[in-house]
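> Here is my input, please return the structure:
(one chain, ligands or ions: 2)
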Amino acid sequence: MSLAVKAVGIRKSFGEHEVLKGLDLEVAYGEVLCILGPSGSGKSTFLRCINHLETPNGGYVWVDGAIMGYRYANGALQELPVKHLRAQQSQLGMVFQHFNLFAHRTVLGNVIEGPMVVRGLKRAEAESRAMELLEQVGMAGKASAYPSQLSGGQKQRVAIARALAMEPRVMLFDEPTSALDPELVGEVLEVMRTLARGGTTMIVVTHEIGFAREVADRVVVMIDGEIREMGVPGDVLSNPADPRVRSFLSRVL
Ligand code: ADP
Ligand code: MG
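Ligands and ions are numbered 1, 2, ... in the order given. Below is the predicted model:
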């Protein structure tokens, strides 16, 4: 059985600053893993290393058994040409804190863009699939609206539909509710909860401890570029062994 994601020894530095100090992670198909940790601990950098938006300085990532950013040729690892890297990256759907929708495209236009441009779907097919996904996130009624006409929660639900439209093997979320007004957080978490129940493999960086406790199969706590705790939510959140994790959780719980 291949894992959805396996990361081994991931290191990343920016100049002298070592942000990731050798992280290992395995995520099984259908698993929901939440990553918690203080601001600046390297959570976003870790997600960006997993999908190779940042190239790690050390370590490797496998997605569905294929090594990210490299291929074997003549018995050696070679860096993958950008075009092939893009194809690998499309196996990982990414949802960002700040939505990153195309401002000049409608909601429907945002969702069909990737499938048409990257996957070569015909417009009619892309649109019918996009409408199903918009239905799923409760945004079908806004298909012809522009992002500027939407609330933050609506934008984020469209961003989720857009990521799903690429039929990724794994969904990566980087604090998807952190930029939202409090009253809009729930509708986005509800969509994520439904995805999780449906068996979507998810890695979610979040400060929503309640969501992690309820939805995650496992949680990871990162501090200073290291994974300090990893386990089922009940253990990690209620009874962390690491004193720095205890102190972090006591501030956010
Ligand atoms: P988190 O998501 O946990 O808040 P980040 O991964 O965003 O943490 O950042 C971890 C550290 O790496 C921070 O000190 C941040 O300033 C630094 N960092 C992140 N990206 C860059 C970059 N592109 N260049 C320089 N430093 C960076
Ligand atoms: Mg971050």
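
> low-confidence ranges in this structure?
Scanning the chain for pLDDT under 70 picks out the ranges 1.

> could you pull out the strands for it?
Assigned by DSSP state E, the strands in the chain fall at 5-14, 17-27, 32-36, 58-63, 66-67, 70-73, 76-79, 92-95, 170-174, 202-205, 218-223, 226-231.

> strands paired with the shortest one, and their directions?
Using DSSP bridges, the strands paired with strand 66-67 in its sheet are strand 58-63 (antiparallel).

> roughly how far out does the partner strand sit from the chain middle?
16 Å (C-alpha atoms, centre = their mean, to the nearest Å).

> for it, which positions count as buried?
59, 61-63 (16 or more other C-beta atoms under 10 Å). To be clear about C-beta, it is placed using only N, CA and C from the backbone, and glycine gets the same treatment.

> okay if I get those residues as TSV plus distance to ligand 1?
Formatted as TSV, the buried residues of strand 58-63 follow (distance: C-beta to the nearest ligand atom, whole Å):
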residue	distance to ligand 1
Gly59	15
Val61	16
Trp62	21
Val63	20
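
> Surely Ile227 and Leu25 touch.
Yes - using C-beta atoms under 8 Å, Ile227 is in contact with Leu25, at 7.3 Å.

> Need the residues touching each of the two.
Common contacts of Ile227 and Leu25, defined by C-beta atoms under 8 Å, 6 or more residues apart in numbering, comprise Val220.

> Surely Asp242 touches Arg228?
Yes - counting by C-beta under 8 Å, Asp242 touches Arg228, with 4.6 Å between them.

> Which one of those two is surrounded by more residues?
Each of Asp242 and Arg228 has its neighbours counted (other C-beta atoms under 10 Å); Arg228 has more, 19 against 15.

> any idea how far the more buried one lies from Val205?
Arg228 sits 15 Å away from Val205, going by C-beta to C-beta, to the nearest Å.

> Give me the neighbour count for the closest residue to ligand 2 within the stretch 1-150 of the chain.
At 3.2 Å from ligand 2, Ser44 is the closest residue in the stretch 1-150 of the chain, using C-beta to the ion. By the measure other C-beta under 10 Å, the count of residues near Ser44 is 19.

> Now for it: which residues touch it?
Listed by C-beta under 8 Å, 6+ apart, the contact partners of Ser44 are 174-175, 205.

> go on, Arg123?
Arg123 is in contact with 112, 116, counting by C-beta under 8 Å, 6+ apart.

> And it, how far from ligand 1?
Between Arg123 and ligand 1 the computed distance is 36 Å (C-beta to the nearest ligand atom, to the nearest Å).
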